[in-house]
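>>> got a sequence here, can you model it:
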Amino acid sequence: MQSDRYGNPLSTSSAAARDHYVEGVDRFLAAMPGVEQAFEAAVEADEGFALAHAALARSRQIAGVGGDAKTPIARAQELAAGASARERDHVQVFDLMIGGQGPAAYKAVRAHLAEHPRDALITQTCVGVFGMIGFSGQPGRESEQLAFTAALAPHYGEDWWFLCQHAFSQVEAGQTGPATATIERSLALNPNNANAAHIRAHVHYEAGETEAGYRYIDGWRADYGKRGQLHCHISWHVALWALERGDEATMWQVLDADVAEGGAWGPPLNILTDTAALLYRAELAGVDVPAARWQAVSAYAARMFPNPGIAFADTHAALAHAMAGNTEALGKIIADAKGPAGDVVRLLAEGFAAIGAGNWAEATGHLVKTMADHQRIGGSRAQRDLIEYALLGTLLKQGRVDEAGLLLATRRPLKVGSAAVKGV
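This next block holds a predicted model:
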């Protein structure tokens with residue numbers, strides 16, 4: 001019987017199917033181009049290989065750019081009847097996820113990993129800030145994320161993929177020193193892992209290392225294919241640091257070529273959130289952002305995320321709508337915000353609405369209420385700095401300089417660049 005790279009037996013007698021599957025898994029875990037093609041090749045080599053169909057469905061789901069996930073997961077369920085118990089449960093997890101049954105999927109993941117901790121594709125569903133823990137909408141998710149990876153760490157040892165994800169858990173929990181050591185171990189094993197390169201950028205960010213971070217990630221992405229899962233978001237880091245360095249020309253060039261709609265290839269979630277965040281952080285830094293740019297992001301948000309339900313997307317959509325003056329779309333988010341973090345989304349949307357109207361005191365009132373638990377909307381600390389900088393901006397607009405200084409002094413240990421918010 002064939003086995004995957006993590007020692008899990010596979011119900012296929014085809015060496016070619018196994019090789020294509022392993023390649024697809026590695027490309028998926030490294031966020032490299034060619035994931036879907038590798039899983040399609042595995043299916044072609046053995047149409048009866050249930051896990052290949054399930055992996056194809058998962059890769060299409062997470063890419064979020066076209067591609068039918070329902071047909072391959074349905075086929076995987078049909079085939080799983082003749083597979084092992086591990087593979088049946090593996091397929092069931094993805095069926096629940098693709099069917100939108102998040103809580104049930106998370107319960108199934110925890111039960112599955114208790115028996116099969118080295119089932120990496122299942123582990124992957126709960127790591128990173130966009131995983132099921134990261135998007136759970138629950139308080140304390142950063143601590144839960146670290147506990148999750150710490151418990152699994154002994155099972156993975158010196159695995160290049162798991163190490164980078166554990167490093168992300170560490171840095172998001174404030175353990176920048178340990179995260180630095182962990183991510184260096186990961187990169188030494190596989191320097192071509194886009195997830196590790198991305199997480200290394202976060203470590204630089206949390207340490208306030210603007211120049212080192214910019215040089216590292218801008219150089220690393222030179223050989224990264226544009227159809228890689230993280231190309232858009234890694235480019236966001238480059239553009240953000242270009243802004244911090246005062247290099248507006250590079251910021252606009254990277255935004256248009258690799259982050260915004262029309263230039264980026266990537267999940268719509270990243271295109272929306274990274275474009276809106278970069279534009280607003282540019283405004284906070286004193287850059288003139290043309291109204292047409294906000295209108296374009298607002299239109300994209302309304303088209304790709306018309307109904308509230310994903311807190312991280314809804315928050316950035318609300319910002320785009322507020323800055324574009326799209327009161328109808330903004331009002332829908334305020335009225336219909338839902339899910340475990342719906343209350344936080346509503347407060348943020350109301351705060352952005354007040355910012356768009358120039359009602360700084362009202363905006364401050366709404367944003368202050370989110371400071372204790374805005375982690376519930378999802379995203380990384382670096383991404384959620386947008387919220388704290390927005391609050392800082394509203395205080396400065398009111399001349400409340402001492403309170404703005406207190407906000408900076410009581411944030412997590414992070415060196416705030418002088419260009420982050422104009423007037424600091």
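>>> mind listing what residue 387 touches?
Neighbour list for residue 387: 348, 367, 370-371, 374 [criterion: Cβ atoms under 8 Å, 6 or more residues apart in numbering]. C-betas here are computed from N, CA, C, even on glycine.
>>> quick check: mean pLDDT of the helix or strand containing residue 270?
Take DSSP states H and E as the rule and residue 270 turns out to sit in helix 268-284. Across helix 268-284, pLDDT averages out at 97.
>>> does anything pack onto that helix? Which helices or strands?
If contacts are counted by 3 or more Cβ pairs under 8 Å, 6 or more residues apart in numbering; DSSP states H and E, helix 268-284 sits against helix 231-244, helix 248-254, helix 291-304, helix 311-324, helix 381-397.
>>> gap between the nearest residue to residue 83 once chain neighbours are set aside and residue 69?
Residue nearest to residue 83 in three dimensions, not counting chain neighbours: residue 11, with 4.2 Å by Cβ to Cβ, 6 or more residues apart in numbering. Distance of residue 11 to residue 69, given as Cβ to Cβ, to the nearest Å: 21 Å.
>>> repeat for residue 244
Taken as Cβ to Cβ, the span from residue 244 to residue 69 is 38 Å.
>>> low-confidence stretches in this structure?
65-66, 412-419, 423-424 (pLDDT under 70).
>>> the same query, at a cut-off of 50, please.
Residues of the chain meeting the criterion pLDDT under 50: 418.
>>> dump the residue contacts of residue 91.
Going by Cβ under 8 Å, 6+ apart, residue 91 touches 50-51, 54, 73, 76-77, 80, 83.
>>> check contacts around the residue lying closest to residue 200 once chain neighbours are set aside.
The spatially closest residue to residue 200, leaving aside those adjacent along the chain, is residue 183, at 5.2 Å (Cβ to Cβ, 6+ apart). For residue 183, the contact set (Cβ under 8 Å, 6+ apart) comprises 163-164, 167, 196, 199-200, 203.
>>> could you look up the SS state of residue 183?
When classified by DSSP: H, G, I helix; E, B strand; the rest coil, residue 183 comes out as helix.
>>> now it: how far from residue 165?
10 Å.
>>> any common contacting residues for those two?
residue 199.
>>> buried set for stretch 164-178?
164-176 (16 or more other Cβ atoms under 10 Å).
>>> turn the residues you listed into CSV, including distance to residue 265.
Below are these laid out as CSV (distance: Cβ to Cβ, whole Å):
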residue, distance to residue 265
164, 22
165, 23
166, 28
167, 26
168, 23
169, 28
170, 30
171, 27
172, 26
173, 31
174, 33
175, 33
176, 31
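>>> show me the two of these that sit farthest apart.
Within these, two members stand farthest from each other by Cβ to Cβ: 164 and 174, at 17.9 Å.
>>> out of the contacts of residue 183, who's nearest residue 232?
Closest to residue 232, out of all of the contacts of residue 183 and judged by Cβ to Cβ, is residue 199, at 16.1 Å.
>>> SS state for the residue nearest the centre of the chain?
Nearest residue to the geometric centre of the chain (Cα atoms, centre = their mean): residue 130, 4.3 Å. Three-state assignment for residue 130 (three-state DSSP): coil.
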